[in-house]
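Chemist: One predicted model, sequence on top.
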Amino acid sequence: MARSRQPPLVTGISPNEGIPWTKVTIRGENLGTGSTDLIGLTICGHNCLLTAEWMSASKIVCRVGQAKNDKGDIIVTTKSGGKGTSTVSFKLLKPEKIGILDQSAVWVDEMNYYDMRTDRNKGISPLSLRPANPLGIEIEKSKFPQKDLEMLFHGMSADFTSENFSAAWYLIENHSTTSFEQLKTAVTNLKRQANKKSEGSLAYVKGGLSTFFEAQDALSAIHQKLEADGTEKVEGSMTQKLENVLNKASNTADTLFQEVLGRKDKADSTRNALNVLQRFKFLFNLPLNIERNIQKGDYDVVINDYEKAKSLFGKTEVQVFKKYYAEVETRIEALRELLVDKLLETPSTLHDQKRYIRYLSDLHASGDPAWQCIGAQHKWILQLMHSCKEGYVKDLKGKNFASHLLCWNPSLHSPMLELDSDVRPSVLGHLSQTASLKRGSSFQSARDDTWRYKTPHRVAFVEKLTKLVLSQLPNFWKLWISYVNGSLFSETAEKSGQIERSKNVRQRQNDFKKMIQEVMYSLVKLIRGALLPLSIREGEARQYGGWEVKSELSGQWLAHAIQTVRLTYESLTALEIPNDMLQTIQDLILDLRVRCVMVTLQHTAEEIKRLAEKEDWIVDNEGLTSLPCQFEQCIVHSLQSLKGVLECKPGEASEQRLLIVLSNCCYLERHTFLNIAEHFEKHNFQGIEKITQVSMASLKELDQRLFENYIELKTDPIVGSLETGIYAGYFDWKDCPPPTGCFLDSLPCQFPVPRKAFAVPGSLLHVKLHLGHLSTGNLKPEGSITVQPRRAGSASTNCRLPSPILISGVRNYLKEALVNIIAVHAEVFTISKELVPRVLSKVVEAVSEELSRLMQCVASFSKNGALQARLEICALRDTVAVYLTSESRSSFKQAVEALPQLSSGADKKLLEELLNKFKSSMHLQLTCFQSTSSTMMKT
């Protein structure tokens, strides 16, 4: 009968050498169709069929038995293919014999213990503890994704040794393409394995049945002999002898194996300790790892490891873990101290400061490291400023000493002594010199040449000091802003300490304000000590002064210093530092400007006096000498040098001081001059009336110029906002809804943007000072509308507003104008109550004149447009009625006359209701316009 398959062929074995009972994997071709087809397996001539486990037609697993040959082939025999051949061989190694009392570095794996004495009685293979192929058919792995199987069989497993074993998962994964006939064969194999497993213990008993009977007979004979003897407890009896023999055997066994068992116990303890070390090596190695990472600067790794250890062992009760975790805490505390030291080191960059603060926040450092850093930076800036001054003063003293030596010993003269080592002409200085201090070639002096090539110590100090402040203060301010908004801290620390930090910020806002004020105070005092030494008190001269100079700075260098301070002020303003903290710098600039003008004029007067000495009496063709030309050049150069000084930069015009001067002028006119005239008359001086008239005229002229300047400053923003506010959102008087709360569905516009409020800067602050914390709930913005103004009758675009606009009563532009007028009232009221009517009447005149002009420019009004315009004009007129003058009344009258007359009594009634509603809603804001008695207004 011809065989259906080719003979088996073994092409590989792994491992290819080993001692007896080594587990090997045989690979090849045609190794059988199943476990029943495999009928023979020899390795090196030893039959290994008993331990063989068929996996597939190309794989068999077995154990190598005791063989006589050291090296041999692997022969597989199957029913379907017969006896096969092998292309590989296996080398059998002789095992090292170890006695029961010999030491060994390897313990026998008791779970894989294999006893050959019971092999012939067991019905299953010893490898079946975890059989790789329980079905006994060829495994064909499927291509189903493992994730899809896990989702399909949630909570189950394809491992047949697991408690959650899923047969469907196992079949899909290993036998998805197996035929139904092969599955029937697999069922038969499973039944056979189950029967063999149940019969295994019974077969073992049957095989040793004779031994059991012999043991039973022996025990029965001993029992009968003992009963017949009847001397179980008599000394010398057989029972006593047997007991002694057993005790002796037990003691001998204990003596023999005590050392071995002790070593085993010690080895078990060592193995358990190694397992613990391996399992918790993260904690045991953490102190050393923290030390290494700190030295490398990897603070992020340290913090992550610490957080992990804290979550795992922070609340442990195990003493060993407690000990190591305490060591970790010790290293972390040392890290906190190190980070605090690095944080407080100066100088330091803003990036490093933020990084250290975040580290300390993640490590839950005690206190407030961020605030400590702010305090350290504040002290560092002050120290730098004073060190800068001390360095320049010391250098100046050294230069003066060298000059003194040169006076006594001219041979010591050296060109190096004429130049300052620290004093450098700056780029800003050269720009200032070329821009405003350039003189004609016909009028140069030795003093001017010296000024061109050498920068005085005090001017160089001011440049260096301002540069130092501008290099340090921005980072200091940004550090505070980051402290306030919480960006200094990590996300975890921000969430956990948000409430506590908010309390600290509120408490420390005043402290930080004092720090900034102290820096500004020191900056101004140091500059005053260098440029205006007479403006500081005697007690502060040692700290902020100390400049031992005899000559005063020229007007050119003072102008240069003013430009430096102005640039410093602009840079500090760009940091959005509040103006009240920078007011001392404005005062310094004003004092420097006054001093520069005085010095320049004095210097010019001296130059003019010295012109007579330069007269050469040489007459030109026109019969003139050079003296008139030199006089003209001297005056022109002085005016050129004062141009930048006299120019008022934005923010330098102190409106408050203008009011104070106006108040002083009023007092001089009403009291001071009259009192002085009385004293002149009292002492019999003549011509008092003429002197008083001239003085009064000059005072009134000064008062009028100052008053007009102040009115211009205050009225321009208010008047300029009227036209833009009236036509905001392409408002049209001809297409105006009734002012009763109707919706305007579609007004044409270019693009929707928030409308700007044209309030005077700082006006709300002045209103609060005057009226207290008033509510501005009625002053709501007009929503997202276009602020591009459109005159009546102008063309519109195709774009539409995204949402309807609600027109209700008096519009917001007029309310904003009133709030700005209230701000002017509050500002004047805080200085002088007597000036309020005079100022407010002029402001009202300007506003009414502009409103009248705008109304007269409108081509035509609709009925609703006329009602809206009349409502706004009357609301403004009635509100400021106490400050109306003949000019303002005339302007309001002209504005009303430009409107169509109201045609019905219903419109008049509606106008009256809307006016009352407006006055009621803004009652608190309009309180300052109420007067209990008539006041004479000075115009």
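Modeler: Okay, I see it.
Chemist: Now do the strands in the stretch 651-800 of the chain.
Modeler: Using DSSP state E, counting those that start in this stretch, the strands found in the stretch 651-800 of the chain span residues 742-744.
Chemist: can you map out the helices along it?
Modeler: In the stretch 651-800 of the chain, the helices defined using DSSP state H, counting those that start in this stretch lie at 655-667, 673-682, 688-726, 763-771.
Chemist: pLDDT averaged over the last one, what's the number?
Modeler: Taken as a whole, helix 763-771 has an average pLDDT of 36.
Chemist: and the helices of the stretch 651-800 of the chain as TSV, adding mean neighbour count and distance to Ile589?
Modeler: Where C-beta positions appear, they are placed from N, C-alpha and C, glycine not excepted. Formatted as TSV, the helices of the stretch 651-800 of the chain follow (neighbours: other CB atoms under 10 Å; distance: least, CB to CB, whole Å):
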stretch	mean neighbour count	distance to Ile589
helix 655-667	16	13
helix 673-682	12	32
helix 688-726	15	18
helix 763-771	17	23
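Chemist: Which one of these lies nearest to His351?
Modeler: Closest approach to His351 among these is made by helix 763-771 (36.0 Å; CB to CB).
Chemist: can you list the domains in this protein?
Modeler: 9-92, 243-380, 457-652, 653-743+806-930 (the TED database).
Chemist: Those domains into JSON lines, with extra columns for distance to Thr177 and mean pLDDT?
Modeler: What follows is these, written out as JSON lines (distance: least, CB to CB, whole Å; pLDDT from 0 to 100):
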{"stretch": "domain 9-92", "distance to Thr177": "14", "mean pLDDT": "89"}
{"stretch": "domain 243-380", "distance to Thr177": "43", "mean pLDDT": "87"}
{"stretch": "domain 457-652", "distance to Thr177": "53", "mean pLDDT": "82"}
{"stretch": "domain 653-743+806-930", "distance to Thr177": "74", "mean pLDDT": "86"}
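Chemist: closest one to Gln182 among those domains?
Modeler: Between Gln182 and these, the shortest gap by CB to CB is with domain 9-92, which sits at 9.0 Å.
Chemist: Just want the most central residue of this protein.
Modeler: Ser487 (3.3 Å; CA atoms, centre = their mean).
Chemist: any idea whether that one is helix, strand or coil?
Modeler: Here Ser487 is recorded as coil under DSSP: H, G, I helix; E, B strand; the rest coil.
Chemist: In contact with it, which residues?
Modeler: With contact set as CB atoms under 8 Å, 6 or more residues apart in numbering, Ser487 has these partners: Lys354.
Chemist: Could you say which one of the domains of the chain comes nearest to Asn189?
Modeler: Of all the domains of the chain, it is domain 9-92 that lies closest to Asn189, at 6.4 Å by CB to CB.
Chemist: So for the closest one, first residue to last residue, what's the gap.
Modeler: Taking CA to CA, to the nearest Å, domain 9-92 runs 21 Å from one end to the other.
Chemist: now stretch 722-734
Modeler: 19 Å.
Chemist: for the protein, what's the longest helix?
Modeler: Of all segments of type helix in the chain, defined using DSSP state H, the longest is helix 238-279.
Chemist: So which other helices or strands are in contact with that helix?
Modeler: helix 209-229 (3 or more CB pairs under 8 Å, 6 or more residues apart in numbering; DSSP states H and E).
Chemist: Against Ser852, how distant is Ala895?
Modeler: From Ala895 across to Ser852, the span is 4 Å (CB to CB, to the nearest Å).
Chemist: likewise Ser903?
Modeler: For Ser903, the distance to Ser852 (CB to CB) stands at 23 Å.
Chemist: more crowded one of these two?
Modeler: Ser852 (21 against 10; other CB atoms under 10 Å).
Chemist: Go ahead and list the helix or strand containing that one.
Modeler: Element membership for Ser852 (DSSP states H and E) is helix 835-856.
Chemist: Packing partners of that helix?
Modeler: Counting by 3+ CB pairs under 8 Å, 6+ apart, helix 835-856 packs on helix 655-667, helix 688-726, helix 812-831, helix 863-879, helix 886-897.
Chemist: Of those helices, which is nearest Val340?
Modeler: Of all the helices and strands packed on helix 835-856, it is helix 655-667 that lies closest to Val340, at 45.2 Å by CB to CB.
Chemist: burial count for the nearest residue to Ile562 once chain neighbours are set aside?
Modeler: Counting by CB to CB, 6 or more residues apart in numbering, Ile562 lies nearest to Leu592, which is 5.0 Å off, once chain neighbours are set aside. Residues lying near Leu592 (other CB under 10 Å) number 24.
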